[in-house]
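Participant: have a look at this prediction, sequence included:
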Amino acid sequence: MQYRCSICGYVYDDARESVAFADLPEDWKCPWCGAPKSAFEPVGEVPPVKADTAPPVTPEAPPEVPDASMTKLSAGQMAALCSNLARGCEKQYMPAQMSLFNELAGWFTRHMPRVEDATVEAVAAQLKQDIADYPLVRKTGEDQADRGAQRVCVWGEKVTRMLQSLVGRYQREGDALLADTEIWVCTVCGFVYIGKSAPELCPVCKVPSWKFNKMDRRKQS
């Protein structure tokens, strides 16, 4: 039996290992990305996607005015959007456009209001909802044959699952999780890694360690 890490793709093969996957201790972690045992899934088992959950497509012409159901993005969401567009421009060798999007991302970041009621529980709930939404988002990209969107979905879901794993560990271990270690973030896909040094290759997008940024520790006043 084989088991694949849902975050980085590492495969644990019972036939090649001295210990069966089922007999591994519950605190065992993925040797590539550090994900917990619970992040592994049997190879060949793919969760079904409900096609009937997609909203109906209507042939109506786009409205001349914004739809009332559209959501206004917050400053934080705009900062993330512009930052991702800047990275897309970098990959397309468009330095001028990349610089402009980075400038916009910086402006929105400086104007983000402080979140007074932020809790670890709220972050955990949002990550759980994000993961539940990915099958529909992924199917939309497949229906439109948009390879770029499909890649973003693959990377995004893996990064989100890793964040969910880290938040779960923080809820159980508290600040001990971050003691005597560093936090590293991949500047390409957003993968978060906790360790003394960045991984040699990003488990998600496979870029080298120099593409990781070390996060500064900021004390709350």
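Facilitator: Yep, it's here.
Participant: for the residue nearest to residue 205 when sequence neighbours are not counted, give me the backbone phi and psi.
Facilitator: Computed as C-beta to C-beta, 6 or more residues apart in numbering, the closest residue to residue 205 that is not its neighbour in sequence is residue 189, at 4.1 Å. For every residue, glycine as well, the C-beta is placed using N, CA and C. Phi and psi for residue 189, reported as degrees, to the nearest 10, are phi -110, psi -10.
Participant: burial check on residue 189, number of neighbours?
Facilitator: Residues lying near residue 189 (other C-beta atoms under 10 Å) number 21.
Participant: was I right about it contacting residue 203?
Facilitator: No - Residue 189 is beyond contact range of residue 203, at 9.5 Å (criterion: C-beta atoms under 8 Å).
Participant: joint contacts of the two?
Facilitator: Listed as contacting both residue 189 and residue 203 by C-beta atoms under 8 Å, 6 or more residues apart in numbering are residue 158.
Participant: per-residue confidence averaged over the longest helix along the chain?
Facilitator: If you go by DSSP state H, the chain has its longest helix at helix 147-173. Per-residue pLDDT over helix 147-173 has a mean of 88.
Participant: in it, what's buried?
Facilitator: For helix 147-173, the neighbour count (16 or more other C-beta atoms under 10 Å) marks 149-150, 152-170 as buried.
Participant: repeat for stretch 26-41
Facilitator: Buried residues in stretch 26-41, defined by neighbour count with 16+ other C-beta under 10 Å: 29-30, 33-37, 39-40.
Participant: again with stretch 115-126
Facilitator: For stretch 115-126, burial by neighbour count (16+ other C-beta under 10 Å) applies to residue 124.
Participant: over to stretch 96-115?
Facilitator: Residues of stretch 96-115 classed as buried: 98, 101-102, 104-105, 108 (neighbour count, 16+ other C-beta under 10 Å).
Participant: same question, stretch 209-217
Facilitator: Under 16+ other C-beta under 10 Å, the buried positions of stretch 209-217 are 211-212.
Participant: show me what that stretch is in contact with.
Facilitator: Residues contacting stretch 209-217 (C-beta under 8 Å, 6+ apart): 182-188, 193, 197-202.
Participant: kindly report the same for stretch 74-94.
Facilitator: Contacts of stretch 74-94 (C-beta under 8 Å, 6+ apart): 73, 95, 97-99, 101-102, 104-106, 108-109, 111-113, 187-188.
Participant: if we can go back for a sec, so what's the residue nearest to residue 205 up against?
Facilitator: With contacts defined as C-beta under 8 Å, 6+ apart, the neighbours of residue 189 are 155-156, 158-159, 202, 204-205, 207.
Participant: mind running it again at 10 Å?
Facilitator: Contacts for residue 189 (C-beta atoms under 10 Å, 6 or more residues apart in numbering) come out as 87, 151-152, 154-156, 158-159, 202-207, 211.
Participant: which single one of these is nearest to residue 20?
Facilitator: residue 203 (23.5 Å; C-beta to C-beta).
Participant: who's in contact with the nearest residue to that closest one once chain neighbours are set aside?
Facilitator: Of all residues not flanking residue 203 in the chain, residue 8 sits nearest, at 3.2 Å (C-beta to C-beta, 6+ apart). For residue 8, the contact set (C-beta under 10 Å, 6+ apart) comprises 30-35, 39, 158, 161-162, 191, 199, 201-204, 206.
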